[in-house]
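Undergrad: How does the following fold in three dimensions:
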Amino acid sequence: MKFLIDAHLPPILREVFRQLGHDAIHTLDLPDRNFSRDGLLNEISVVEERVVVTKDTDFYYSHILQKRPWKLVLVRTGNLGLKETKRMFENHLPAIEQALESCSLVELDQKSVLIGIRFDASDEAI
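TA: This next block holds a predicted model:
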């Protein structure tokens, strides 16, 4: 699976995803780095079929209304330290992977992975 980690999350998460065999980039890897606009992240997500991982609820609304980004992991936590954030992803990444097999929106908090939206073949939310 391919992931695009937004500026609101630490770049160390790239390594968490990569250690489990995923292709992961952070906004710091893009030409405009953490100043990359949401529209660009959505475009990259759709063209490269990357899952956007973010805390930014703007992506939630654009996903619901426009199906952009392609797939989304919305992190619903307050400010966590680096160790806690890394541990949360290490613990939940297998469940996130499984949920993204059939869903386009997954919400994550410290204790759980919630499946938000599943689109059927006609792209209607069900």
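Undergrad: And the helices in the chain, which stretches?
TA: With DSSP state H as the criterion, the chain has helices at 13-19, 38-48, 57-66, 82-102.
Undergrad: would you list those in JSON lines and tack on distance to residue 1, mean pLDDT and mean neighbour count?
TA: C-beta coordinates here come from the backbone N, C-alpha and C atoms, glycine included. Shown next, in JSON lines, are the helices of the chain (distance: least, C-beta to C-beta, whole Å; pLDDT from 0 to 100; neighbours: other C-beta atoms under 10 Å):
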{"stretch": "helix 13-19", "distance to residue 1": "8", "mean pLDDT": "96", "mean neighbour count": "17"}
{"stretch": "helix 38-48", "distance to residue 1": "11", "mean pLDDT": "97", "mean neighbour count": "16"}
{"stretch": "helix 57-66", "distance to residue 1": "17", "mean pLDDT": "95", "mean neighbour count": "14"}
{"stretch": "helix 82-102", "distance to residue 1": "6", "mean pLDDT": "94", "mean neighbour count": "15"}
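Undergrad: For residue 73, find the nearest of those.
TA: For the helices of the chain, proximity to residue 73 was assessed by C-beta to C-beta; helix 82-102 is nearest, at 6.0 Å.
Undergrad: list the helices and strands that closest one packs on?
TA: helix 13-19, strand 71-75, strand 105-108, strand 113-117 (3 or more C-beta pairs under 8 Å, 6 or more residues apart in numbering; DSSP states H and E).
Undergrad: To residue 29, which of the helices of the chain lies closest?
TA: helix 13-19 (8.0 Å).
Undergrad: Quick check, central residue of this protein?
TA: For the chain, residue 53 is the residue whose C-alpha lies nearest the centre (C-alpha atoms, centre = their mean; 2.0 Å).
Undergrad: what pairs with it across the strands?
TA: residue 5, residue 73 (DSSP bridges).
Undergrad: Might one say that it is in contact with residue 14?
TA: No. Between residue 53 and residue 14 no contact is recorded; they are 10.2 Å apart, counting by C-beta atoms under 8 Å.
Undergrad: List the residues that are in contact with both of these two.
TA: Common neighbours of residue 53 and residue 14, using C-beta atoms under 8 Å, 6 or more residues apart in numbering, are residue 5.
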